[in-house]
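Engineer: The following comprises the amino acid sequence and a computationally predicted model.
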Amino acid sequence: MTNILLVEDDKDIVENLSEFLVSEGFIIRHASGQKLALELLSTEQIDLVLLDISLSDGNGFAVCSAIKFRYNIPVIFLTASDDEFSTVTGFELGADDYIAKPFRPRELVSRIKNILRLTGSTGNTIQLGNVIVDTVKGTATKYGKELYLSALEYRLLLMFLNHRGAVLTRTQLLENIWDIAGEFVNDNTLTVYIKRLREKIEDEPQNPAIIKTVRGLGYRMD
């Protein structure tokens, strides 16, 4: 059984989300603030943390920083603060994923399972040809040199990683970018970000081997 620590001070969210996650087979622990969260992490076996930024005491960024410093546990941010600054800050502190409220519970479960699969089966790093992605540090390197990905580029890469082998439509990718940007992102913008990401991770961006185009459907990472 997977033990999840839900760090959230909204009682309605805690009650509804906990009930849903328990029905999906997870064991849920709850903390409303920073102090209790860190106490539970030090005394109980926790496999993954769902973490809000705004807490009754302290803040999610401080909790995430402490988790990544002391423990090797994946973190998913749950927050209404879907601006790019919060996203970048979370990833820089080592967050493994980021989902903005309101979110669909089943999508959250899918992300939880993907993060557990990625961090559990391959450790904290995933190799894509000559590119290595560190899901704890939120970084990517190529031939040993860091790739400076924007928050949106990294989120796109993470989404492909979480859905390897599956075709992702442009609509799915647009919705994902929109969640992070906090504003409308059009089809042309998606094309630009796919192009930029390929230029950074592919050896031959014009003949991509990592993010492939599936004509008429979308994109796939094999």
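Structural biologist: Great, that's in hand.

Engineer: quick one: contacts for D52?
Structural biologist: By Cβ atoms under 8 Å, 6 or more residues apart in numbering, the residues touching D52 are 7-10, 60, 77-79. Heads up, the C-betas are built off the backbone N, CA and C, glycines and all.

Engineer: Report pLDDT for it.
Structural biologist: You'll see D52 listed with a pLDDT of 91.

Engineer: again, but for V109
Structural biologist: 91.

Engineer: Point me to the helix or strand that includes it.
Structural biologist: Here V109, judged by DSSP states H and E, is contained in helix 105-121.

Engineer: Following element in sequence after that helix, please.
Structural biologist: Next along from helix 105-121, by DSSP H and E: strand 125-128.

Engineer: quick check: mean pLDDT across that following strand?
Structural biologist: The model assigns strand 125-128 a mean pLDDT of 73.

Engineer: what are the ranges of the strands in the chain?
Structural biologist: Taking DSSP state E as the criterion, the chain carries its strands at 3-7, 27-31, 48-51, 75-79, 97-100, 125-128, 131-134, 139-142, 145-147, 167-169, 211-214, 218-221.

Engineer: hang on, the earlier thing: looking at the contacts of D52, which one is closest to R155?
Structural biologist: Nearest to R155 among the contacts of D52: F77, at 11.9 Å, using Cβ to Cβ.

Engineer: which parts of the helix holding V109 are buried?
Structural biologist: By neighbour count with 16 or more other Cβ atoms under 10 Å, helix 105-121 contains the buried residues 108-109, 111-112, 114-116, 118-119.

Engineer: Compute the inter-axis angle for it and strand 75-79.
Structural biologist: Going by axes from the mean of the first three to the mean of the last three Cα atoms, to 10 degrees, helix 105-121 is angled at 160 degrees with respect to strand 75-79.

Engineer: Now render the strands of the chain as a markdown table, adding mean neighbour count and distance to N176.
Structural biologist: Shown next, in a markdown table, are the strands of the chain (neighbours: other Cβ atoms under 10 Å; distance: least, Cβ to Cβ, whole Å):
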| stretch | mean neighbour count | distance to N176 |
| --- | --- | --- |
| strand 3-7 | 23 | 22 |
| strand 27-31 | 19 | 26 |
| strand 48-51 | 25 | 18 |
| strand 75-79 | 23 | 14 |
| strand 97-100 | 22 | 10 |
| strand 125-128 | 16 | 18 |
| strand 131-134 | 18 | 17 |
| strand 139-142 | 18 | 17 |
| strand 145-147 | 12 | 19 |
| strand 167-169 | 15 | 9 |
| strand 211-214 | 14 | 14 |
| strand 218-221 | 18 | 12 |
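
Engineer: weakest of those strands by average pLDDT?
Structural biologist: The bottom spot among those, by mean pLDDT, belongs to strand 125-128, with a mean of 73.
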